[in-house]
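Visitor: When you get a sec, could you give me coordinates for this:
(one chain, ligands or ions: 1)
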Amino acid sequence: MSVPLESVRADTPGVDHVVHLDNAGSALPTRGVLDTVMAHLELEARRGGYAAAREASGATEAVLGSVAALVGGEAESIALTESATVAWNSALHAYPFSPGQRVLTSRAEYASNAITLLQLGERHGIETVLIEDDEEGQVSLEHLESELGRGAEMVCLTHIPTAGGLVNPAEAVGELCRRHGAFYVLDACQSVGQVPLDVSRIGCDVLSATGRKYLRAPRGTGFLWLGERAMDLLRPSQLDLFSATWVAPERYEVRSDARRFEFFEHSVAGRLGLGAACDYALALGVESTWERVFRLGAQLRGLLGELDGVHVHDKGALKGGIVTFSVDSLDSHAVCAALGDAGINTSVSVPGAAMLDLPERGLGPLVRASVHYYNTVEELQRLVGEVARISAAGNGAAAGNCGGTGS
Ligand SMILES: Cc1ncc(COP(=O)(O)O)c(C=O)c1O
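Guide: As a prediction, the model looks like this:
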């Protein structure tokens, strides 16, 4: 089934105001997400936060089921978090590492994950081993298999990096991890809502994701999915009276489900918005929306590639909706700022967020235009027209800084 473009745009208030090509940063929420969040905030204002939470308790419980359905898991395997980073870090800091254990990672690894692995190296004496790319630019399955053969405790894979179109072969990595018994952590931050995900097919033990990107949920939302092995192994590094029960003055019991990684306090409105975003994605069908994101991404790469002095930098055998490019002799921050002045949202991918990738390819900051299914071909043409104008005008047209965050 194809995406009903008119109705999805009618459901997206932001498209009347901006050409939004920063979906890898934070996508435009649907009208339903916005209404859900606003309605709960109003309920809190009228009834008080705790009473409002009680009234909404059925709906908040249902969010776990919606998130689980999106990744093919069970509600008991989901913990709701404030971000992908909180989810990923909670899992990694809960792993019972021993000195000398090897963790395999790839060039797509997200900055915050890489920093955490360095920190865990200092703390537990684990060694992080980099798996090289293959000739297409995705993680090399051959290199991965040989390093797994030498012994590895864990594989951490970023499914889709922050700084490019690459879609890593998550299922093939899962198959290798299964064969070698390695614990498999998948960062699905950029893939959830963009590509169809099914944890049993992927074969991961942990999956972390955020709400605000391709899922179109409110900022400050995310989730963690734990498989059976993760449920057995992972002990949260921090607890509170929600994740554990104080059963006697000297004793506490940790929750048995994945919500052992949640704390009591959270934004109820945000979580309800996350549920509404998941339900919207499920109703459209991620297979259909992915097909459109894939097509628009390829189209944008083609259009930009035809411009003189513009270079597209995405790698990978399979590429999705994130398109990175540079303009000869122009600073990417200035290009992004000039696009912003023309009412087109993009962002900048900086080497500091993709340290194992961009510097290795000799690349500095890149303009990142990330498409979603609600974007139109006319919007892509507008972007390309502006890039051509900025490129032709040179430094005179492009000054300023749109503040690349690398996320
Ligand atoms: C691949 C990847 N992983 C993790 C994150 C972190 O997500 P969050 O900001 O929700 O913690 C990002 C953010 O851009 C990302 O692109």
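Visitor: Give me the buried positions along stretch 75-84.
Guide: For stretch 75-84, burial by neighbour count (16 or more other CB atoms under 10 Å) applies to A75, S77, I78, A79, L80, T81, E82, S83, A84. From N, CA and C alone the C-beta is placed, and that goes for glycine too.
Visitor: Which pair of these spans the longest distance?
Guide: Greatest spatial distance in those: A75 and S83, 20.5 Å, computed using CB to CB.
Visitor: Show me what from the stretch 1-150 of the chain comes close to the ligand.
Guide: Within the stretch 1-150 of the chain, the positions adjacent to the ligand are S83, A84, T85, Y110, S112 by CB under 6 Å from any ligand atom.
Visitor: which residues does the residue of the stretch 201-350 of the chain found nearest the ligand contact?
Guide: Across the stretch 201-350 of the chain, the shortest distance to the ligand (CB to the nearest ligand atom) belongs to T210, at 3.3 Å. Going by CB atoms under 8 Å, 6 or more residues apart in numbering, T210 touches S83, A84, C189, V192, T221, G222.
Visitor: Equivalent analysis for V254, please.
Guide: Contacts of V254 (CB under 8 Å, 6+ apart): R235, P236, L239, S243, A244, R260.
Visitor: Just give me the closest of the contacts of T210 to E360.
Guide: The closest of the contacts of T210, once distances to E360 are taken by CB to CB, is C189, at 21.1 Å.
Visitor: Distance of the nearest residue to P365 once chain neighbours are set aside relative to D11?
Guide: Distance criterion CB to CB, 6 or more residues apart in numbering; nearest residue to P365, sequence neighbours excluded, is S332 at 4.2 Å. Distance, S332 to D11, using CB to CB, to the nearest Å: 32 Å.
Visitor: So these two - more neighbours on which side?
Guide: Per other CB atoms under 10 Å, whichever of S332 and D11 has more neighbours is S332, with 26 against 20.
Visitor: Surely that one and V348 touch.
Guide: Yes. At 5.0 Å, S332 and V348 qualify as touching, with contact defined as CB atoms under 8 Å.
Visitor: residue of the stretch 251-400 of the chain with the smallest distance to the ligand?
Guide: Using CB to the nearest ligand atom, A353 is the residue of the stretch 251-400 of the chain that sits closest to the ligand, at 7.6 Å.
Visitor: thought that residue was touching P365?
Guide: No. Under the criterion of CB under 8 Å, A353 makes no contact with P365, lying 9.7 Å away.
Visitor: interface residues of the stretch 301-407 of the chain facing the ligand?
Guide: Going by CB under 6 Å from any ligand atom, the residues of the stretch 301-407 of the chain near the ligand are S407.
Visitor: Give me the residue ranges of the stretch 301-407 of the chain where confidence is low.
Guide: Regions of the stretch 301-407 of the chain meeting the criterion pLDDT under 70 cover residues 395-401, 403-406.
Visitor: For whichever residue of it sits closest to the ligand, give me its contacts.
Guide: Residue of the stretch 301-407 of the chain nearest the ligand, by CB to the nearest ligand atom: S407 (3.4 Å). For S407, the contacting residues are G25, T162, A353, by CB under 8 Å, 6+ apart.
Visitor: tell me which of the residues you listed is nearest to L148?
Guide: The nearest member of the contacts of S407 to L148, counting by CB to CB, is T162 at 25.5 Å.
Visitor: give me the number of residues near the residue nearest to A217 when sequence neighbours are not counted?
Guide: Nearest non-adjacent residue to A217, counting by CB to CB, 6+ apart: G211, 3.1 Å away. Neighbour count for G211, taken as other CB under 10 Å: 34.
Visitor: try S349
Guide: Around S349 there are 29 other residues, counting by other CB under 10 Å.
Visitor: helix, strand or coil for the residue nearest to it when sequence neighbours are not counted?
Guide: Ranked by CB to CB, 6+ apart and with sequence neighbours excluded, the top spatial neighbour of S349 is A163, at 3.6 Å. Under DSSP: H, G, I helix; E, B strand; the rest coil, the three-state class of A163 is coil.
Visitor: pretty sure A163 contacts L356?
Guide: No. With contacts counted by CB under 8 Å, A163 stays clear of L356, the gap being 10.4 Å.
Visitor: Of the two, which one has the most company?
Guide: A163 (28 against 19).
Visitor: need the contact list for that one.
Guide: Contacts of A163 by CB under 8 Å, 6+ apart are I322, T324, S349, A353, A354, D357, L358, L366, R368, G406.
Visitor: The stretch 251-400 of the chain: strands as residue ranges?
Guide: Here the stretch 251-400 of the chain has its strands, by DSSP state E, counting those that start in this stretch, at 251-254, 310-312, 322-327, 344-345, 347-349, 366-370.
Visitor: Comparing the ones you listed, which stretch has the densest surroundings?
Guide: strand 366-370 (a mean of 30; mean count of other CB atoms under 10 Å).
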